[in-house]
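Chemist: here's my sequence, what's the structure:
(one chain, ligands or ions: 1)
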Amino acid sequence: MSASGAAPHVVVVGAGAFGGWTALALRRRGANVTLVDAWGPGNSRASSGGETRVIRATYGSRTIYTRLAVRALQLWTEYDARWQRGFFRKTGALWMFGAQTGAAAANQPGGSHTDDPAAFGRASVAALREVGLPIEELTPAQAARRFPQISFEGVSGVLWEPEAGYLFARRACEHVVDRFIAEGGRYQRAKIRTPPAIEGALREITTAENVRMAADVFVFACGPWLPEIFPDLLGDKITPTRQEVYYFGTPAGDARFVDPSMPVWIDYRDRLFYGIPGNANRGFKVADDTPGPRIDPTTMARDATPSGIAAARALLEARFPLLQGAPLLGSEVCQYEASPDSHYIVDRHPAAPNVWIAGGGSGHGFKMGPAIGEMLASLALGTATPDPQFGLARLVARSGDRREAR
Ligand SMILES: Cc1cc2nc3c(=O)[nH]c(=O)nc-3n(C[C@H](O)[C@H](O)[C@H](O)COP(=O)(O)OP(=O)(O)OC[C@H]3O[C@@H](n4cnc5c(N)ncnc54)[C@H](O)[C@@H]3O)c2cc1C
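Modeler: Predicted coordinates for the structure are as follows:
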């Protein structure tokens, strides 16, 4: 309740995976919520744009994410049952691990995967068993019998995570906002200006058209634009990096490369490549998880590069030999909003008790949207305290340490 006893008015800026789910969770708890986005939920510039995202609970020794993923899996399943939109496809995830060369390990830029692959696999098995999720260890020969359309050349260990799968990304973002509006939330398309220097409680924010928006509480979930909104606070803590995604064509009528025959797959050796089948019939998705160069998410050119396409094709043809020569049907260029240690940032603004920041998804935030939404709703309504693992203070303590691995 606000000081007057009325439901608090919360303004959420950003309708991506973090902001959209937060607005919905706040509305469901009775808050008076306004959600604002410059270009719309799951737009083509947003980190939550594009067709699909992986959902998995395998996180190596970073067990906070395994626990969060358990909650996220539960919420995606519940909402899918309620909405009947099929946003979650439980295909299972096939992890393929191989040796890392010394050069590759030394080059790891502190992106979303920085562990030794075998150690990541062992820690993931322990973590999933701890939370009661199934996980199967396979030899490459066993995996090859199960998935004859995949080559396991160079693979030394395989994990099968049956509860994992993929999510429809931009479609889910749009639907979350539709549900938020249907349940009494206000959605507005506007660009919010960088607030002037914050000292104490924030009373209002301003749109690019100089319309003022007052509220009791503000949540900034602006993804890769957070450094632009809070340059002093986040300029060196969130780095938007360029990431390319490719869709290759599979043979007509061939069911071997779409779900349910083909699962989500992750090839974790010198680099981490991953792929998703289906993608609303756009093609067989292949992506490289290696963080690209820093970019500006508003102005970045979103054409795929010849070197990126060549690397994806080389991986595709080695791992899926039947797709030799497959045509490239399309591509997307998105960005990670990377924190230095690739942990999320979910915390109160250090100078304003009524301002919350949610971001730093670092290439693995989409799946957690519903769980982050309920976490932020509790924080914004004062019924929970922030988890220091997502806190800003850890980044001040570790400033400059980009090799702090998961
Ligand atoms: C190629 C790629 C692959 C990925 N794969 C996975 C995966 O497999 N699994 C997974 O879990 N995660 C994955 N991620 C990460 C995940 O997609 C992101 O972490 C997540 O979507 C971030 O959501 P967000 O809400 O923080 O940011 P965004 O989706 O970027 O949302 C921010 C919103 O804020 C709005 N905005 C910004 N500034 C303003 C302003 N001034 N005024 C008003 N509105 C504003 C924007 O328009 C945008 O809609 C991937 C990301 C990429 C790019």
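
Chemist: contacting residues for the closest residue to the ligand within the stretch 1-150 of the chain?
Modeler: Of all residues in the stretch 1-150 of the chain, Gly16 sits closest to the ligand, at 2.2 Å by C-beta to the nearest ligand atom. For every residue, glycine as well, the C-beta is placed using N, CA and C. Residues in contact with Gly16, defined by C-beta atoms under 8 Å, 6 or more residues apart in numbering, are Asp37, Pro41, Gly42, Ala46, Ser47, Ser48, Cys173, Ala221, Gly223.

Chemist: if we use 7 Å, what do you get?
Modeler: Pro41, Gly42, Ala46, Ser47, Ser48, Cys173, Ala221, Gly223 (C-beta atoms under 7 Å, 6 or more residues apart in numbering).

Chemist: contact residues of the chain facing the ligand?
Modeler: The chain has residues 13-19, 36-39, 43, 46-48, 53-54, 191-192, 221-225, 229, 243, 245, 287, 334-336, 359, 361, 363-367 near the ligand, with proximity defined as C-beta under 6 Å from any ligand atom.

Chemist: give the PyMOL command for selecting the buried subset of those.
Modeler: Here is the PyMOL command that selects the buried residues among the residues of the chain next to the ligand (16 or more other C-beta atoms under 10 Å):
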select buried, resi 13+14+15+16+17+18+19+36+37+38+43+46+47+48+53+54+192+221+222+223+224+225+229+243+245+287+334+335+336+359+361+363+364+365+366+367
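
Chemist: in stretch 381-392, what counts as buried?
Modeler: In stretch 381-392, counting by 16+ other C-beta under 10 Å, buried: Leu381, Pro386, Phe390, Gly391, Leu392.

Chemist: same check, this time on stretch 246-264
Modeler: Tyr246, Tyr247, Phe248, Gly249, Thr250, Arg256, Phe257, Val258, Asp259, Met262, Pro263, Val264.

Chemist: ok, now stretch 169-176?
Modeler: Ala169, Arg170, Arg171, Ala172, Cys173, Glu174, His175, Val176.

Chemist: what does stretch 313-326 give?
Modeler: Here stretch 313-326 shows Arg313, Leu315, Leu316, Glu317, Arg319, Phe320, Leu323, Ala326 as buried, counting by 16+ other C-beta under 10 Å.

Chemist: check stretch 22-35 too.
Modeler: Buried residues in stretch 22-35 (16+ other C-beta under 10 Å): 22-29, 31-35.

Chemist: just the ones of those in helices?
Modeler: Taking DSSP state H, the ones among the buried residues of stretch 22-35 that sit in helices are Thr22, Ala23, Leu24, Ala25, Leu26, Arg27, Arg28.

Chemist: and the first one, what does it touch?
Modeler: Pointing back at Thr22 there. So Thr22 contacts Val12, Val219, Ala221, Ala358, Gly373, Leu376, Ala377 (C-beta under 7 Å, 6+ apart).

Chemist: swap the cut-off to 10 Å and go again
Modeler: Thr22 makes contacts with 10, 12, 14-16, 33, 35, 176, 180, 219, 221, 346, 356, 358, 369-370, 372-377, 379-380, as judged by C-beta atoms under 10 Å, 6 or more residues apart in numbering.

Chemist: secondary structure and distance to Arg85 added to the buried residues of stretch 313-326, as TSV?
Modeler: What follows is the buried residues of stretch 313-326, written out as TSV (DSSP: H, G, I helix; E, B strand; the rest coil; distance: C-beta to C-beta, whole Å):
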residue	secondary structure	distance to Arg85
Arg313	helix	33
Leu315	helix	32
Leu316	helix	30
Glu317	helix	35
Arg319	helix	31
Phe320	coil	29
Leu323	helix	30
Ala326	coil	29
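
Chemist: export those as CSV, with columns for pLDDT and distance to Glu137.
Modeler: Formatted as CSV, these follow (pLDDT from 0 to 100; distance: C-beta to C-beta, whole Å):
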residue, pLDDT, distance to Glu137
Arg313, 98, 30
Leu315, 97, 23
Leu316, 98, 26
Glu317, 96, 27
Arg319, 98, 20
Phe320, 98, 23
Leu323, 98, 27
Ala326, 98, 31
